[in-house]
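Asker: Structure, please.
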Amino acid sequence: MQAKFNPLQVIINPPGIQFGMPGDTIELYVVVINQGDQDAVIDLHFVFDEVFQNLTGWSSSPRESLALASQQNSDEVRFEFQIAANTLPGTYDYTLVVDSPLHYPQDTPITFPNQIKVLLQEQTAIRVNDPTFSIRPNTNPNKPLIFNPSEPLQVEIIVDNRSYLVDRFRLSCPDLDEDWFTINYPASGYEGSGLVSEVTALELNPGTKGQILLKFHPPGDTLAGSYSPTIRLYSENSPDLVLLDLVYIQIPTNYRLDIELHTILGQVSRSLGKYELSLANQGNIVRELILSLKSRDEEELYTYKFDPTEIRLLPNRSAVANLTVKPRPWWRKPWFGAGLVVNFQLDIKDQKNLPLPNTLPQGSLVWKPRPLWQFILLILAILGLLGGIGFILWRILNPDPLKLENFSAKDSQITEGDEVSLNWEIHHYKQLQKLVLTAKGSQPIEPIIYDFSNGIPEALGKGSTPLCQIQEEDLICSNVKTGVKTKGNYTFELQASYQNGIQLFSRTNQVSTQTTQVEIAEKPIAEVVNFQADKPQYIKGQNILLSWTIARPLLLQQIQIGGSADDETSYGEPITYKINQGNLADPKLKKLCTQQNQELRCTNIPIPAYKAGKFAFQIKAFSNGSQKTNFKKTESKIEILPKPFRIVSFTINGSDQPNLVLNEGTTATLSWRVEGEKENIQVKLLPYGDEVALSDSKQFPVNLAFPPQITLQVNDISNKQPPQQKGFVITVLKKVVPTPIPSINPIPPNPFQSPLPQR
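Answerer: As a prediction, the model looks like this:
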């Protein structure tokens, strides 16, 4: 059959699969020839899936449109594939589509499936004559081969010998153990002659292709998941050539878990039921199981224990857990019959919520009936019950004696100044003769005696609000004052003397005693919780900002702030702030203080820094009605630096130029002024060396002994500030003394010289 003529001929360069590494750019060139009898517009674009889109980063397909006349060739159309740097090795499919829907709708579109093979970074760059290989079927991370445990997974390795020499090729999987795979090389044709016992390589002539079969058969305990073993091809002619590729394999998850429950001891009377649980992981994932039981009866009449309770099983591994079951409660044990049957079922939970078998093993335990001697014990118990009833009747005929109960203080902990109050209850108080209250503690008190021979005494029962109330046969006394107010720990004892018995029998005198403890704590005072300055160093004249926190401000009477130096000298008169029940008298202090949660918090309270030195400041809190004070010092001493000094001016004859020229015989007037505190600084005029005032002037004659340099130096006595100085370099010009002109004597006339002629 003759092939159908297509008016469009397409030339693709390079043809076939293309190779590249992550980060590389692959180029594809396309030439289209219009062999038809009409002009045509031809579109070029690509069809690809999401995996290829991630490879190139394309959001849409690149397109080119060509306008070709009849019998015209197009120029080379160039397409670029930029492989993403994070692309995993593998083979990725795409399709080139050549379409002309307007002019050749019957003959287009024409599709050209193609592939890009992303190589490993470790692979050697492939030259034109280097051998190559490809894997069929091709895989990538998103298109793995699915492994079926029932049969090996086979792939074909297609080797292309592009060199000009005969070459032998050998295959390996360096990432896998040998029991994972099997390599089969094609027969060479010499096996039957006995020359070769085993084929260990693929021999190819120049420019030919061959096939190697690679079978994967992972061991049975291989975990489910994705695997990407490396395939390496070795060339005998080019041993340094590294040819690599990856095969992506997906091993599906197998959740098979075999569970069996074996009964060791299933009928018990006094011992525990014993069972053995066998678990076998026939799947390919790690199982982490929690073992438990659930009842198959309406009531759960047992307790159980697994040893171990949690089991971790690797693939193709098994484990055994021991189960003990104890029937309960004891009174449900049958007296007669065949025994009580307790039914239960195994309840297993997977910590990762993996599937479990739909049906879990069930078990049962027979609780045998009680022995005969226990029946005898039951009869004895009934007899004991009858005896108890008789005792109850006797108690009815013999009423309860007086009982002293609930002897306690109204408050077991009170504050100094408050009085201890006691409460108690007396059941059947009519038998009471007297009460004696004694106390042992810091303050000795006389015993208090209440006589009940004539009824409730006046001290307890008189007044608008009597301390003791009668409720049926009970006497309830509340808030009985003791007169104890001094701080300390006290033990109060109440003795009740009464007559026990009923009128039909003789009475006996009895005493009932109870004690209670009371602690009287010291009266609280205001307490300084925190006291600090905002910084450790100030300059004289600034305000020291102090902050403090005082607990229980309602007890405050006044706050006093003072300071002292290392030599115990006082910073000055303490500053006092008056307070009345938490209310501050100073209006400035009110703005800077707040009360919250029974604490007075004052922030950035200004104290003038008027004295230089290091001082430890202290705050004292005086409380109302107490001679005790609470104080706190700042954690570190506060240093007050003197005011900074500076040289305002220093001139010679009104000039402050550093280099001056003075004439000998004149007078130099030195004037200066220094700002600072005189008691903290020292001013010297060098080289004269004398200490001078902060502001002054002096005159010096200018002569040849006048110093070449004059400096005004200011030093900090406490060495807290660096010294300052200002000076002049002086050049003295000598005074010029005019040289006297000697007198000229007249020359006597020469008698022999003739006079000048006269005109």
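
Asker: From the chain's centroid, how far away is stretch 9-16?
Answerer: 60 Å (CA atoms, centre = their mean, to the nearest Å).

Asker: Just the helices from the stretch 501-650 of the chain, written as ranges.
Answerer: 587-592 (DSSP state H, counting those that start in this stretch).

Asker: where in it is pLDDT low?
Answerer: 501-508, 625, 627 (pLDDT under 70).

Asker: Could you do the stretch 651-759 of the chain as well?
Answerer: Ranges of the stretch 651-759 of the chain meeting pLDDT under 70: 736-759.

Asker: Now do the strands in it.
Answerer: With DSSP state E, counting those that start in this stretch applied, the stretch 651-759 of the chain shows strands at 659-663, 667-675, 681-686, 690-691, 695-701, 709-716, 724-733, listed in chain order.

Asker: closest to Ala612 out of those?
Answerer: strand 709-716 (10.5 Å; CB to CB). Every C-beta, even on glycine, is put in place using the N, C-alpha and C of the backbone.

Asker: neighbouring strands for the closest one, and are they parallel or not?
Answerer: Here strand 709-716 is paired, per DSSP bridges, with strand 681-686 (antiparallel), strand 724-733 (antiparallel).

Asker: deepest of those, which one?
Answerer: The highest mean neighbour count among the strands paired with strand 709-716, using mean count of other CB atoms under 10 Å, belongs to strand 681-686: a mean of 18.

Asker: Could you measure from the residue nearest to His427 when sequence neighbours are not counted over to Gln431?
Answerer: Excluding the flanking residues, the one nearest His427 by CB to CB, 6 or more residues apart in numbering is Lys403, at 4.3 Å. Computed with CB to CB, to the nearest Å, the distance linking Lys403 and Gln431 is 10 Å.

Asker: More neighbours: these two, which one.
Answerer: Gln431 (21 against 15; other CB atoms under 10 Å).

Asker: For the more buried one, give me phi and psi.
Answerer: Main-chain torsions, Gln431, degrees, to the nearest 10: phi -80, psi -10.

Asker: which ones are touching it?
Answerer: 401-402, 498-500 (CB atoms under 8 Å, 6 or more residues apart in numbering).

Asker: just checking, Lys611 touches Ile544?
Answerer: No: with contact defined as CB atoms under 8 Å, Lys611 does not count as touching Ile544 (10.8 Å).

Asker: ok, these two, which is more surrounded?
Answerer: The neighbour count for Lys611 versus Ile544, taken as other CB under 10 Å, is higher for Ile544 (23 against 15).

Asker: who does that one bridge with?
Answerer: Residues in beta-bridge contact with Ile544 (DSSP bridges): Ile607.

Asker: where does the stretch 351-500 of the chain dip in pLDDT?
Answerer: If you take pLDDT under 70 as the line, the stretch 351-500 of the chain has these spans: 372-375, 394-399, 463-464.

Asker: Which parts of it are helices?
Answerer: Using DSSP H, counting those that start in this stretch, helices in the stretch 351-500 of the chain cover 372-397, 458-461.

Asker: Also the stretch 1-150 of the chain?
Answerer: 50-56.

Asker: what stretches of it score poorly on pLDDT?
Answerer: 1-3, 125.

Asker: now do 80
Answerer: Scanning the stretch 1-150 of the chain for pLDDT under 80 picks out 1-4, 16, 120-128.

Asker: just the strands in it please.
Answerer: 8-13, 18-20, 25-34, 40-47, 64-68, 72-73, 77-82, 90-99, 110-118, 132-136, 145-146.

Asker: likewise the stretch 401-550 of the chain?
Answerer: In the stretch 401-550 of the chain, the strands defined using DSSP E, counting those that start in this stretch lie at 403-409, 413-415, 421-427, 432-440, 448-451, 468-471, 474-481, 488-500, 508-521, 527-533, 537-539, 543-551.

Asker: buried set for stretch 217-233?
Answerer: For stretch 217-233, a neighbour-count test (16 or more other CB atoms under 10 Å) marks 217-218, 222, 224, 227-233 as buried.

Asker: Just the ones of those in strands?
Answerer: 227, 230-233 (DSSP state E).

Asker: Go through these and say which is closest to Ile520.
Answerer: The closest of those, once distances to Ile520 are taken by CB to CB, is Tyr227, at 81.1 Å.

Asker: Tell me who's in contact with the closest residue to that closest one other than its chain neighbours.
Answerer: Distances taken as CB to CB, 6+ apart place Ile249 nearest to Tyr227, at 4.6 Å, with adjacent residues excluded. Ile249 makes contact with 139, 144-145, 147, 153, 216, 226-229, according to CB under 8 Å, 6+ apart.

Asker: Kindly report the same for Ile426.
Answerer: 402-405, 432, 474-475, 477, 496.

Asker: which of those residues are buried?
Answerer: 402, 404, 432, 475, 477, 496.

Asker: Isn't the fourth one up against Ile456?
Answerer: Spelled out, that is Leu475. Yes: Leu475 is in contact with Ile456 according to CB under 8 Å; the separation is 7.5 Å.

Asker: overlap in contacts of those two?
Answerer: Contacts common to Leu475 and Ile456, judged by CB under 8 Å, 6+ apart, are Cys468.

Asker: Who is Phe728 paired with across the strands?
Answerer: Ile710.

Asker: how close does it get to Phe650?
Answerer: 8 Å.

Asker: ok, now Val342?
Answerer: Taken as CB to CB, the span from Val342 to Phe650 is 111 Å.

Asker: so how far is Phe650 from Asp716?
Answerer: 18 Å.

Asker: cool, Glu64 as well?
Answerer: In terms of CB to CB, Glu64 sits 87 Å off from Phe650.

Asker: More neighbours: which of those two?
Answerer: Applying other CB under 10 Å to Glu64 and Phe650 shows that Phe650 carries more neighbours, namely 19 against 14.

Asker: can you pull the contacts of the more buried one?
Answerer: Residues in contact with Phe650, defined by CB under 8 Å, 6+ apart, are 656, 670-673, 712, 726-727.

Asker: In this structure Gln72 contacts Val32, no?
Answerer: No: using CB under 8 Å, Gln72 makes no contact with Val32, being 9.3 Å away.

Asker: When the two are compared, which one has more neighbours?
Answerer: Neighbours of Gln72 and Val32, each counted by other CB under 10 Å, are more numerous for Val32; the result is 23 against 14.

Asker: Test my guess that that one contacts Ala67.
Answerer: No: between Val32 and Ala67 there is no contact under CB under 8 Å: 10.8 Å.

Asker: between these two, what contacts are shared?
Answerer: Common neighbours of Val32 and Ala67 (CB under 8 Å, 6+ apart) are Ile42.

Asker: Just give me the neighbour total for the closest residue to Ile559 other than its chain neighbours.
Answerer: Nearest in space to Ile559, with sequence neighbours left out and distances taken as CB to CB, 6+ apart, is Tyr577 at 4.5 Å. The number of residues packed near Tyr577 is 17, by other CB under 10 Å.

Asker: Repeat that for Ser442.
Answerer: When neighbours are counted by other CB under 10 Å, Ser442 registers 12.

Asker: For it, which residues are in contact?
Answerer: So Ser442 contacts 486-490, 520 (CB under 8 Å, 6+ apart).

Asker: Quick one, which of these are buried?
Answerer: Among these, those scoring as buried are 487, 490, 520 (criterion: 16+ other CB under 10 Å).

Asker: Could you double-check that the last one lies in contact with Thr486?
Answerer: Which is Ile520. Yes: counting by CB under 8 Å, Thr486 is a contact partner of Ile520 at 6.6 Å.

Asker: which residues do the two both contact?
Answerer: 416, 442.

Asker: Can you report how many residues neighbour the residue lying closest to Gly283 once chain neighbours are set aside?
Answerer: Leaving aside its sequence neighbours, Gly283 sits nearest to Asn254 (CB to CB, 6+ apart; 4.1 Å). Residue neighbour count, defined by other CB under 10 Å, stands at 14 for Asn254.
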